[in-house]
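# This is the structure alone, sequence omitted:
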């Protein structure tokens, strides 16, 4: 009977000891996991600071917590910029830029968790994306004015086009001066826009258009002034005599050919050029 009791007590002690060992091992494992979490976060942050975003993305999957969540969003943003930048140069994607803007708002609100280096990068990317958005929106708002302005290249030809009566189209000096005033106004706005995005005049389609509009408005103004100098009033219906039609040379834009007399095609390529120039500002953050 005594032997059975001793044996039972021994088994109990063994089970208790085994349970304690299991508990201690569990505590050690959990402790090790929690110890690794900040280590992996720090490693991922260092990789991100050095521009190795694929490696940072792999490390951040082994972590959790608020800092890891913010760092993960930053890493994914940088990977998306690297992936999307070449395509954006070819075809502007306003939705993509808008998505980045939303992400950057979140990152700016939580950037204090990521250290000075990444915080500075977030700030710089935010400024660039904000500038792209602002300037694209500005140009979108003036596209119709630009197309209207380009009618100046058709005007002298229109005034030298014969109607059904065999005579050139009639006009009044007052009407033409109002058109010229409006075209010059649109051109001035476009020039100010150009200076804000391209102070070095490197976007040829833009600078060429501005100079040609300015020159055409001046030539047309002289032509209609000659009418009043001949004794007609600004409200008299008059016509130009003879032939005075103008043509403009084709211009190469990337792989396409454009002409000022084909305003829709010209403006389409101008718009693409403007978007490409703005997107190029992201080039410093592109790390293939």
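Here it is on my side, so go on. Owing to the predicted nature of the structure, the values given are computational and were not obtained by experimental measurement. Numbers count the residues shown, from 1 in each chain.
# rest of the way, CA atoms for contacts and neighbours
OK.
# What number of residues are in the vicinity of residue 101?
If you count neighbours by other CA atoms under 10 Å, residue 101 ends up with 18.
# show me the contacts for residue 246.
With contact taken as CA atoms under 8 Å, 6 or more residues apart in numbering, residue 246 is in contact with 156-157.
# Give me the secondary structure label for it.
Assigned state for residue 246: coil (three-state reduction, DSSP: H, G, I helix; E, B strand; the rest coil).
# Could you check how far it is from residue 209?
Noted for residue 246: a distance of 16 Å to residue 209, by CA to CA, to the nearest Å.
# do residue 99 as well
Residue 99 is 33 Å from residue 209, by CA to CA.
# burial of residue 85, as a residue count?
For residue 85, the count of nearby residues is 20 (other CA under 10 Å).
# host element of it?
helix 66-90 (DSSP states H and E).
# which of the residues in the helix or strand following that helix are buried?
Using DSSP H and E, the helix or strand that follows helix 66-90 in sequence is helix 94-110. By 16 or more other CA atoms under 10 Å, the buried positions in helix 94-110 come out as 97, 100-101, 103-104, 107.
# Tell me what angle helix 94-110 forms with helix 66-90.
On the basis of axes from the mean of the first three to the mean of the last three CA atoms, to 10 degrees, helix 94-110 is oriented at 150 degrees to helix 66-90.
# Quick one: list the elements packing against helix 94-110.
For helix 94-110, the contact count by 3 or more CA pairs under 8 Å, 6 or more residues apart in numbering; DSSP states H and E identifies helix 66-90, helix 115-149 as packing neighbours.
# what is the mean pLDDT for the longest one?
Translated: helix 115-149. For helix 115-149, the mean pLDDT works out to 97.
# How about it, which residues are buried there?
Going by 16+ other CA under 10 Å, helix 115-149 has these buried residues: 118-119, 122, 125-126, 128-133, 135-136, 139, 145-147, 149.
# Also stretch 38-49?
So, applying 16+ other CA under 10 Å, buried residues of stretch 38-49: 38, 40-49.
# repeat for stretch 208-227
Residues 209-210, 212-214, 216-217, 220-221, 224-225, 227 are the ones in stretch 208-227 that count as buried (16+ other CA under 10 Å).
# Find the residue at the geometric middle of this structure.
residue 132 (4.0 Å; CA atoms, centre = their mean).
# Do I have it right that it meets residue 278?
Yes - Residue 132 is within contact range of residue 278, at 5.6 Å (criterion: CA atoms under 8 Å).
# circling back: could I get the buried residues of helix 94-110 as CSV with pLDDT?
Formatted as CSV, the buried residues of helix 94-110 follow (pLDDT from 0 to 100):
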residue, pLDDT
97, 97
100, 98
101, 98
103, 98
104, 98
107, 98
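# Show me which pair in those is furthest apart.
97 and 107 (15.1 Å; CA to CA).
# Now do the contacts for residue 234.
Per CA under 8 Å, 6+ apart, neighbours of residue 234: 172-174, 228.
# can you do 6 Å?
With contact taken as CA atoms under 6 Å, 6 or more residues apart in numbering, residue 234 is in contact with 172-174.
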